[in-house]
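> Got a predicted structure plus its sequence, pasted below:
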Amino acid sequence: MTKVDTSKNKSKTQADSLGFLFWLKWLASFIWPVKVVTHQSQEAYLELVLFQGKRLLNSRNANYSNGNLQTAYRRLFEEVDLDLSTRHRVLILGFGFGGVAQLITDANPNADILGVESNTTILTWYKAYCRQKDNVKVIIQDAKEFVSLNDDTYDLIVCDIYEDLDVPAYFESTSFIQGLSNRLATSGVLVFNKVVQNTDHKSQFNNLLLELSSVFRSVLVNEQLGLNRFIIAKK
């Protein structure tokens, strides 16, 4: 079942009324990182950290939003012309705190962005601590289910689905990649973020590149920060 976030205005005011203690932490973050809240489960560890005024979403070993990952995407968009100003329908799989959505909005304020995020803790923190944009809607749903059941097409799809530093195997499978192709408009572009930190990641990346090349007409790679390899694919 899909749960749609319909509380944009409420979320905006919530972010503006977090209380005096939060804003003290926000000011302190310009001196040192300040941990605001953490979540530990059998599956994962998550933390919200304030640093230099930014709300960082981290796993134990990776930044999910607004830190190094934001820098990597910003450099990607600077180095590769994705015609962001013409990408009006955007899908982000693995929404996090919306850092990528912010970069896309900066380039195209008229973009209609849909974020898909399966982790309820992340969405709870996002609504509580981050300012949402009017052009961004977020749904709580597994990306596998969304891609297989949704019939809409998008001008830009960003796939950034992680468990710490690893992409779950299904999201690199032929079935899922074909599903991404089905959701992509004829003139659309897919951006798939793959972290390559060790030999296993390198092997997975090579296989993923082959899978994408078998489905898409044009495939290129942009590497950032020695870790993120962005695969850009077009029909």
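Looks like it arrived, so ask away.
> so how far is whichever strand or helix holds A233 off the chain centroid?
Here A233, judged by DSSP states H and E, is contained in strand 228-234. Distance, stretch centre to chain centre, for strand 228-234: 14 Å (CA atoms, centre = their mean, to the nearest Å).
> what helices or strands is it leaning on?
Here strand 228-234 is seen to pack against helix 68-79, strand 184-195, helix 199-215, strand 218-224 when contacts are counted using 3 or more CB pairs under 8 Å, 6 or more residues apart in numbering; DSSP states H and E. (Glycine included, C-beta is placed from N, CA and C.)
> Using PDB, write down the CA coordinates of it.
Output in PDB follows, covering the C-alpha atoms of strand 228-234 (Å, rounded to 0.1, in the frame of the first residue of the first chain):
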ATOM      1  CA  ASN A 228      30.700   7.400  -6.700                       C
ATOM      2  CA  ARG A 229      30.400   6.200 -10.200                       C
ATOM      3  CA  PHE A 230      27.300   7.700 -11.900                       C
ATOM      4  CA  ILE A 231      26.000   5.700 -14.800                       C
ATOM      5  CA  ILE A 232      24.000   7.900 -17.200                       C
ATOM      6  CA  ALA A 233      21.800   6.000 -19.500                       C
ATOM      7  CA  LYS A 234      19.400   7.000 -22.400                       C
END
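> pretty sure A111 is touching K137, no?
No - applying CB atoms under 8 Å, one finds A111 not in contact with K137, separated by 11.7 Å.
> neighbour-wise, which of these two wins?
A111 (22 against 15; other CB atoms under 10 Å).
> what stretches of the chain score poorly on pLDDT?
For the chain, applying pLDDT under 70 flags the ranges 1-17.
> could you redo the last one with a cut-off of 90?
Of all residues in the chain, those with pLDDT under 90 make up the ranges 1-31, 33-34, 41-44, 52-53, 66, 131-133.
> Contacts only, for the closest residue to L82 other than its chain neighbours.
Spatially, and ignoring its direct neighbours in sequence, L82 is nearest to V189 (5.6 Å; CB to CB, 6 or more residues apart in numbering). Taking CB atoms under 8 Å, 6 or more residues apart in numbering, we find V189 in contact with L82, D83, R87, D155, L156, I157, I232, A233, K234.
> Look up the closest residue to the last one, ignoring the ones flanking it.
In space, and not counting its chain neighbours, K234 is closest to S218: 4.3 Å by CB to CB, 6+ apart.
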